[in-house]
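> for reference, the sequence and a predicted model appear below.
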Amino acid sequence: MGLGPRAGSGGVKNRMGQRRTPAQLRPGLWILCFGWFCSTAYAQMKIPPETVQVWANKLSVQLREVSTTYSGAHILQKKLKDVESSIKIVEIDGREQLRDYADDIERMLGSKMKSVKRLAESAEDADLYHDFNKSLQFDYYNSMLVNTIDDDGNFVELGGEFPLEENEHFNNLPVNTIQSDVQVPTNVYNKDPNILNGIYMSEALNDVFINNFQKDPTLTWQYFGSSTGFFRIYPGIKWTPDSNGVAAFDCRNRNWYIQAATSPKDIIIVVDISGSMKGLKMTIAKHTINTILDTLGENDFVNVIAYTDYVRYVEPCFKGTLVQADLDNREHFKVLVDELHVKGEGKVAKAMKESFKILNEGSLCNQAIMLITDGAMEDFKDVFEEFNWPDRRVRLFTYLIGREMTFAENTKWIACNNKGYYTHISTLADVQENVMEYLHVLSRPMVINHNHDIIWTEAYMDTVLFATKAQSLLLMTSVAMPVFSKKKETLSHGILLGVVGSDIPLQEVMKMAPRYRLGPHGYAFLITNNGYILAHPDLRPLYKDGKQLKPKPNYNSVDLSEVEWEDIDETLRTAMVKGETGALTLDVRASVDKSKRPLFLTNDYYYTTINDTPFSFGMVLTRGHGQLMFIGKVSVEEGLHDLTSPDLSIASEWTYCETDIDPHHRKYTQLQAMIRYLQGKEPDLECDEVLLRQTLFDAVLTAPLEAYWQAVMLNASGVEEGVETAFLGTRSGILRLTSLIFRLHRKFLTLADKENLFTVDHFPLWYRMAAENPPGRFLYYMPVEEQGVKDKTGTVPITRVIGQCGSCLLFLQDVNCFLVDSNGFIVVSKEKSEVSCGRRHCPFTGPDRSGTWISGFLVPTRHQIGNKMFRFFETMSLMWTLSLLAHKAKKSEALQPCDTEYPGFMLDFSIRETNSLIKCGRCQKMFVVQAIPESNLVLMVVQADCDCSRQYPAIPLEPKEIKYNASVKCNRMKSQKVRRRPKSCHAYHPKENAKDCGGASEISLSLALFLASLFTSLALRRWT
């Protein structure tokens, strides 16, 4: 509850253009400061502390009088006293709450797994009864071509009329919910017999898609990715090509496909950089390495070795070991691979031996060596006899680069005698298809065993939808399952038909753990078996590029330790990664207001595993108010009456009632849905009964304020000049707001509160700050405002009520007076530019007429006053900076993760006053700091005629990158955190047909496929 300014700029002004302040506050500073100045203006400035104390006490009385009068706090306190007997204080049982949330999430994810299983069963049955027809002619809906008209006004071939309608459930994209359609990559011929037979067979999935959606209306995208390259998606959409008119999306490159198609794997990539690999060969080799890296995920391990007449690790820091193939490491390898240069003579034996030695220390699951060369002069039988035969535990995949076939036989022999696969890559356009072959080989044991392992991906953004609709900037996870051929005649070949899957927005998952039950600082989070975040309030995966939001490159590989950094020993992380259930208490330094205001909290962490998934769920309750809820009893009729008051609104972003399940309910706002449910008009709505009871009680409890504020406005003496709005917020998301001057619309959550699309702060900034304020004491602050942000609705309790009372000091040239809040931000100053609501972090950079006065105060405060009044600390976080990466053709900007630190200040309320002198060269600056009773403010009086800006430079609030030396950097890169590999592993089956090990890759290309390949090749050459 508090008072605040209006949302727009300007405000109430007098004829001189100055913002007016309440009449009660005008005399305080001006009369006392001016009278004192006249009696103390002599050679050496002195500031009597006792005088400043008198000012602070008078300001305290005036502030509390204004705050109490216009906030109506006493009315609310009286009402609470009257209904005290009907209020029940409930202490939240963290473990019980954790079980409830985890069970709800488990049920939700379980229903998605059932849907995917039905798809897999249907696809396998359809293939079992389908006979391949080489001459099959079949028209299907091609998502690139649907609704496309030719010059004669007719639908193009494979296009046809395909009804599309915007659907709110699918991010308002135009979709067809009664029909799926098919996307085929540009480099795949859309009438190839394999493609046509696969599409025809997969038509059987259409009814299953629809049936799944009817059983579970919360389902989003369902799909089947074929091993031949086509992608069937439901609901059907119109696929938007990239800027070059190309459909570059290939489902086989997606993480959900690769994880479902194979088990975890350890990969050593061995590349020939001898002199014979110069020119186009080296370009193709680099592209092959990058393509292999793109097929790896966070459950895999990798290293890259280059060889000439000696063995060279592309990253010396990773010598002799395997590193997790997360996004950071994969991108790091790509940069280093791009810098490789050819020289010397190629001797592969040493590199092969080194690779086997590394893999010998790896896992017992799939292991492989990828040999990329322009030829092998011998078969290295002695090496394999020593390291790999007879078990052939390590598979070898060989990639012959270039048009020459001189040493093709040896290269093929190596692969065929080590359960691998041989391919010949002569152009850049050949790379993608040939690299994908190794996935099918690794999948053979799993396919022959018919092990339908369900996999879940890490958090990701759908780049296809992201490129077409800004609304689809949503983090999601995918659940997927492999689809096998059940035909007996192909059993030993282990034929993978493809992968079925579905997407689950993580926002929907986290709705199972509503924040209102956890308090203003409590939250829930979800991590993977590798410790990476799926959902967390401090996960911020986007950055601003001009006016556009873009995903950070490494947004989905942020480790829990990078946001819960108070968990120094990683006790919490280790327990969660291992899938344990338990609790832990940590003292944490949290921050609000764009990380500018620190808070010291004691948090209780509760955690458990989500069964049948690789995920672990965590929940945080803050000691104190975060552990308590009060529940009151009121009738529905009474609550509904007050709920419809014109000054009342609710947090529309919260889920009071689930309006997305039934399409009929999507037209309702949350308030409309709640009212219709309570009136019995929509009994089928699923509503949160606990939240509804709290909301009704809060509406009744706060109802007297509406009449009180109206009476204040109609008072004969009028409203104090400078007082603009009065408002109140409750834990149930209710906001009551009255404009004391004009009509003002305001929402519970402001734009600043909602600016992160993925981790919406369910309580606004002013509520979170007030929650940590001592009971009965008003909070005064100015929010940190970013440049270009016009929304000021986050400004709360008596921010500008005091207005520019610093103008009372206009005639005092030798002294400056400031009101500063508990985080060191200026609330009142005679210089408007110094007030912390400005576009800069004024307490650290704001100048006055004599220079940077803050540099003369806050830096000494850190050393001299810091032990008395302000506590200073620096905090570290994962930030993102721009750096230049070298490239052959040009320099490109790329975001790189880095550690940063930034300062924060907190007032020590146990110290009420302090004063001292700062030596600044030839002069001394005196200051007196006095706490203002019953507030979070201090009054500072500072001598103005001594410039200390040279001796004490400003402390910026901007994050500063922490630089590490090479040794520390290497150790950080190599450090292997605790992780939990998937339980299932399918590396061997005795019936596997290892004789299918590739050939010369002589492919008969259609004209369309040839042109597509040529275009891809030219495009890739252009960027290398």
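Received the coordinates, thanks.

> residue 301 contacts residue 323, doesn't it?
Yes - look at residue 301 against residue 323 with C-beta atoms under 8 Å: they come within range, at 6.5 Å. In short, each C-beta sits where N, CA and C put it, glycine included.

> check which helices and strands the helix of greatest length in the chain sits against.
Ranked by residue count and defined by DSSP state H, the top helix of the chain is helix 94-128. Counting contacts by 3 or more C-beta pairs under 8 Å, 6 or more residues apart in numbering; DSSP states H and E, helix 94-128 packs against helix 193-202, helix 205-215, strand 222-226, strand 475-484, strand 496-505, helix 506-510, strand 597-609, strand 616-622.

> just checking, what packs against the helix or strand encompassing residue 671?
Counting by DSSP states H and E, the element that carries residue 671 is helix 670-678. Helix 670-678 sits against helix 636-643, strand 648-650, strand 657-658, strand 686-687, helix 689-714, with contacts defined as 3+ C-beta pairs under 8 Å, 6+ apart.

> any idea how far residue 50 is from residue 911?
Distance, residue 50 to residue 911, using C-beta to C-beta, to the nearest Å: 17 Å.

> okay, these two: which has more neighbours?
Applying other C-beta atoms under 10 Å to residue 50 and residue 911 shows that residue 911 carries more neighbours, namely 15 against 9.

> and that one, backbone torsions?
Main-chain dihedrals, residue 911, degrees, to the nearest 10: phi -100, psi 120.

> hang on, it packs against residue 930?
No - look at residue 911 against residue 930 with C-beta under 8 Å: they stay out of range, at 10.5 Å.

> before we move on, back to that, next one: the longest helix of the chain to chain centre, how far?
The chain centre lies 24 Å from the centre of helix 94-128; the measure is C-alpha atoms, centre = their mean, to the nearest Å.

> quick one: buried residues of it?
By 16 or more other C-beta atoms under 10 Å, the buried positions in helix 94-128 come out as 94, 97-98, 101-102, 105-106, 108-109, 112-113, 115-116, 118-120, 122-124, 126-127.

> again with stretch 323-339
By 16+ other C-beta under 10 Å, the buried positions in stretch 323-339 come out as 323-334, 337-338.

> with pLDDT, secondary structure and distance to residue 917 added, can I get these in JSON lines?
Shown next, in JSON lines, are the buried residues of stretch 323-339 (pLDDT from 0 to 100; DSSP: H, G, I helix; E, B strand; the rest coil; distance: C-beta to C-beta, whole Å):
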{"residue": "323", "pLDDT": "93", "secondary structure": "strand", "distance to residue 917": "56"}
{"residue": "324", "pLDDT": "90", "secondary structure": "strand", "distance to residue 917": "56"}
{"residue": "325", "pLDDT": "92", "secondary structure": "coil", "distance to residue 917": "60"}
{"residue": "326", "pLDDT": "87", "secondary structure": "coil", "distance to residue 917": "54"}
{"residue": "327", "pLDDT": "85", "secondary structure": "helix", "distance to residue 917": "54"}
{"residue": "328", "pLDDT": "85", "secondary structure": "helix", "distance to residue 917": "51"}
{"residue": "329", "pLDDT": "90", "secondary structure": "helix", "distance to residue 917": "55"}
{"residue": "330", "pLDDT": "92", "secondary structure": "helix", "distance to residue 917": "58"}
{"residue": "331", "pLDDT": "90", "secondary structure": "helix", "distance to residue 917": "54"}
{"residue": "332", "pLDDT": "92", "secondary structure": "helix", "distance to residue 917": "53"}
{"residue": "333", "pLDDT": "95", "secondary structure": "helix", "distance to residue 917": "58"}
{"residue": "334", "pLDDT": "96", "secondary structure": "helix", "distance to residue 917": "58"}
{"residue": "337", "pLDDT": "97", "secondary structure": "helix", "distance to residue 917": "61"}
{"residue": "338", "pLDDT": "96", "secondary structure": "helix", "distance to residue 917": "59"}
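
> what's the most distant pair in the residues you listed?
Among those, the pair separated by the greatest distance (C-beta to C-beta) is 324 and 338, at 21.1 Å.

> lowest-pLDDT helix or strand in the chain?
For the chain, counting by mean pLDDT, DSSP states H and E, helix 853-860 ranks last in confidence among helices and strands (a mean of 24).

> which residues sit in contact with residue 731?
Residue 731 makes contacts with 516, 519-520, 629, 694, 698, as judged by C-beta atoms under 8 Å, 6 or more residues apart in numbering.

> now the buried members of those residues.
With burial judged by 16+ other C-beta under 10 Å, the buried subset of the contacts of residue 731 is 516, 519-520, 629, 694, 698.

> which one of the residues you listed is nearest residue 235?
For these, the nearest to residue 235 is residue 516 (32.8 Å; C-beta to C-beta).

> and that closest one, that one's in a helix?
Yes - counting by DSSP: H, G, I helix; E, B strand; the rest coil, residue 516 is part of a helix.

> surely it meets residue 655?
No - counting by C-beta under 8 Å, residue 516 stays clear of residue 655, with 9.7 Å between them.

> where does the stretch 801-950 of the chain have low pLDDT?
Residues of the stretch 801-950 of the chain meeting the criterion pLDDT under 70: 801-813, 831-895.

> give the rounded mean pLDDT of stretch 430-439.
For stretch 430-439, mean pLDDT is 92.

> what comes up buried for it?
Across stretch 430-439, burial judged by 16+ other C-beta under 10 Å covers 430-439.

> before we move on, what about stretch 528-547?
Neighbour-count burial for stretch 528-547, counted by 16+ other C-beta under 10 Å, picks out 528-543.

> and it, end to end?
End-to-end distance for stretch 528-547, by C-alpha to C-alpha, to the nearest Å: 32 Å.

> and the gap between residue 367 and residue 270?
Distance from residue 367 to residue 270, by C-beta to C-beta: 13 Å.

> what's the answer for residue 969, then?
Residue 969 is 26 Å from residue 270, by C-beta to C-beta.

> again with residue 145
In this view, residue 145 and residue 270 are 43 Å apart by C-beta to C-beta.

> got the CA positions of stretch 984-996 in CSV?
Output in CSV follows, covering the C-alpha atoms of stretch 984-996 (Å, rounded to 0.1, in the frame of the first residue of the first chain):
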residue,chain,number,x,y,z
SER,A,984,19.6,-46.6,-20.7
CYS,A,985,22.5,-47.5,-23.0
HIS,A,986,22.3,-49.5,-26.2
ALA,A,987,25.8,-50.0,-27.6
TYR,A,988,25.8,-53.6,-28.7
HIS,A,989,23.5,-56.3,-30.1
PRO,A,990,24.7,-59.7,-31.3
LYS,A,991,22.3,-59.7,-34.3
GLU,A,992,23.5,-56.4,-35.6
ASN,A,993,24.4,-56.6,-39.3
ALA,A,994,27.8,-54.8,-39.3
LYS,A,995,28.4,-55.6,-42.9
ASP,A,996,26.2,-52.6,-43.9
